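Student: heads up, no residue letters with this:
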């Protein structure tokens, strides 16, 4: 099998698995992403393929994009498109942070798809069900704002998404959260682009009510 053939066969197998669940595919030159839009959410699940000439290495990824959160971030930062809100965690299942499955034959693809199907039912599906509302993200990021979470293991992203989710969820502790996150920004991001990004989001949230944010995000196109 060559690289193109492996990608085609994987896309066919993933389509068989995911199409009945409402996912639609969007291929790229290194793999394929599958998206499922559910009201205020965009679920993502897919794979990448690396070409090592005589063998091919593949792995899976996934995420949930909360349209309200992503739209607010997009407008506040004048960005293109809607970014993922939380990322699917794979390490507990695969026991390897850089796990790659090696494909050389059709039998390998069949074995890999058994693993993928099991992973989807045991990890991905529960993940999609667990994080389904803005309140879920608010709780995840803001119950203990000093704690880093693997679903969004990036301090800048944590601060921005934490504040947006708290505002949209009308968190009564928003003032305290804002004060804590501003101290983090001032202490850790001086001279970095994330300093400006965080301050820009904070300023945007300060100047818009929850009602205004909801109205703006409703009319925001995805790109």
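Tutor: Happy to help now that I have it. Since this is a predicted model, take the numbers as computed values, not measurements.
Student: Quickly note the distance from the nearest residue to residue 86 once chain neighbours are set aside to residue 64.
Tutor: Distances taken as C-beta to C-beta, 6 or more residues apart in numbering put residue 151 closest to residue 86, at 4.1 Å, once the chain neighbours are dropped. C-beta here means a position set from N, CA and C on the backbone, and glycine is covered the same way. To residue 64, residue 151 is 9 Å away according to C-beta to C-beta, to the nearest Å.
Student: Overlap of the contact sets of those two?
Tutor: Taking C-beta atoms under 8 Å, 6 or more residues apart in numbering as the criterion, residue 151 and residue 64 both touch 86, 131.
Student: And these two? Which one has more around it.
Tutor: residue 64 (22 against 19; other C-beta atoms under 10 Å).
Student: Mind listing the residues bridging to that one?
Tutor: Beta-bridge partners for residue 64, by DSSP bridges, are residue 43, residue 86.
Student: how about it, what does it touch?
Tutor: Taking C-beta under 8 Å, 6+ apart, one finds 41-44, 84-86, 88, 127-128, 131-132 in contact with residue 64.
Student: Of those residues, select the buried ones using a ChimeraX command.
Tutor: Selection command for ChimeraX covering only the buried members of those, criterion 16 or more other C-beta atoms under 10 Å:
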select :41,42,43,44,84,85,86,88,127,128,131,132
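Student: Quickly name whichever of the contacts of residue 64 is closest to residue 98.
Tutor: residue 88 (15.5 Å; C-beta to C-beta).
Student: Could you find the closest non-adjacent residue to the closest one?
Tutor: residue 62 (3.3 Å).
Student: Which helix or strand contains the one you found?
Tutor: Here residue 62 is covered by strand 56-66, with elements defined by DSSP states H and E.
Student: Flag every buried residue along that strand.
Tutor: For strand 56-66, using 16+ other C-beta under 10 Å, the buried residues are 56, 58-66.
Student: got these as a markdown table, with pLDDT columns?
Tutor: Formatted as a markdown table, the buried residues of strand 56-66 follow (pLDDT from 0 to 100):
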| residue | pLDDT |
| --- | --- |
| 56 | 96 |
| 58 | 96 |
| 59 | 95 |
| 60 | 96 |
| 61 | 96 |
| 62 | 97 |
| 63 | 98 |
| 64 | 98 |
| 65 | 97 |
| 66 | 97 |
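Student: Please work out how many residues are found near residue 19.
Tutor: So residue 19, with other C-beta under 10 Å, has 13 neighbours.
Student: What score does it have for pLDDT?
Tutor: pLDDT for residue 19: 97.
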